[in-house]
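Q: Could you work out the structure for the sequence below:
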Amino acid sequence: MGKYETKTKETDNSVIEFIESVDNPKKREDAYKLLKIFEETTGYEAKMWGPSIIGFGSYHYKYDTGHEGDAPLAGFSPRKAKISLYFSPTLPNREEILSRFGKHTTGKACVYINKLADVDEDVMRELIVRDMEYVQKIYPTN
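A: Here you go, the predicted structure:
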């Protein structure tokens, strides 16, 4: 059995071009605001991961199953229906922090928002910082 290939890899595609390709003008505006928030909060430059995820920093993970790969430390994607924000599903106090976040829904590893105006920007920064620290603790850089 071959090694599982991760679909989401860092690419050299332009983040700005990707944001410019977002149809909805309001969502495009939010994507630029998120870009600024994530860059300021993470201290990393934005990179495209796969065709539609804007990621910041990276880490290498390895599961007990032997599956391993690289993933962004923080990221978001301005998708058609909603904006996806990527935060660890196992982040300690995730529910408590999200209870202060504003209007959102959650998936397994995603937190979905309709628009930036629905959520608290300070809580978003807190989520980004805590999640990055958490992921770096679980998967320290060798």
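
Q: Can you pull out the low-pLDDT segments for the chain?
A: Along the chain, segments meeting pLDDT under 70 span 1-7, 142.

Q: tally of neighbours for the nearest residue to residue 83 once chain neighbours are set aside?
A: Excluding the flanking residues, the one nearest residue 83 by C-beta to C-beta, 6 or more residues apart in numbering is residue 113, at 5.1 Å. In this view, the C-beta of every residue, glycine as well, is placed from N, C-alpha and C. Counted with other C-beta atoms under 10 Å, the neighbours of residue 113 add up to 22.

Q: Now do the contacts for residue 113.
A: Going by C-beta atoms under 8 Å, 6 or more residues apart in numbering, residue 113 touches 82, 83, 85, 102, 103, 104, 119.

Q: for residue 95, same thing?
A: Taking C-beta under 8 Å, 6+ apart, we find residue 95 in contact with no residue.

Q: Residue 128 now?
A: Residue 128 is in contact with 37, 38, 41, 42, 74, counting by C-beta under 8 Å, 6+ apart.

Q: All the helices of this structure, residue numbers only.
A: Assigned helices in the chain, in chain order: 15-20, 25-42, 94-99, 121-138 (criterion: DSSP state H).

Q: of all the ones you listed, which lies closest to residue 66?
A: With C-beta to C-beta as the measure, helix 121-138 is the member of the helices of the chain nearest residue 66 (16.8 Å).

Q: hang on, the earlier thing: okay if I get the helices of the chain as CSV plus distance to residue 70?
A: Putting the helices of the chain into CSV (distance: least, C-beta to C-beta, whole Å) gives the following:
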stretch, distance to residue 70
helix 15-20, 18
helix 25-42, 16
helix 94-99, 23
helix 121-138, 12
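
Q: so which of the ones you listed gets nearest residue 50?
A: helix 15-20 (10.6 Å).

Q: Alright, I will stop here.
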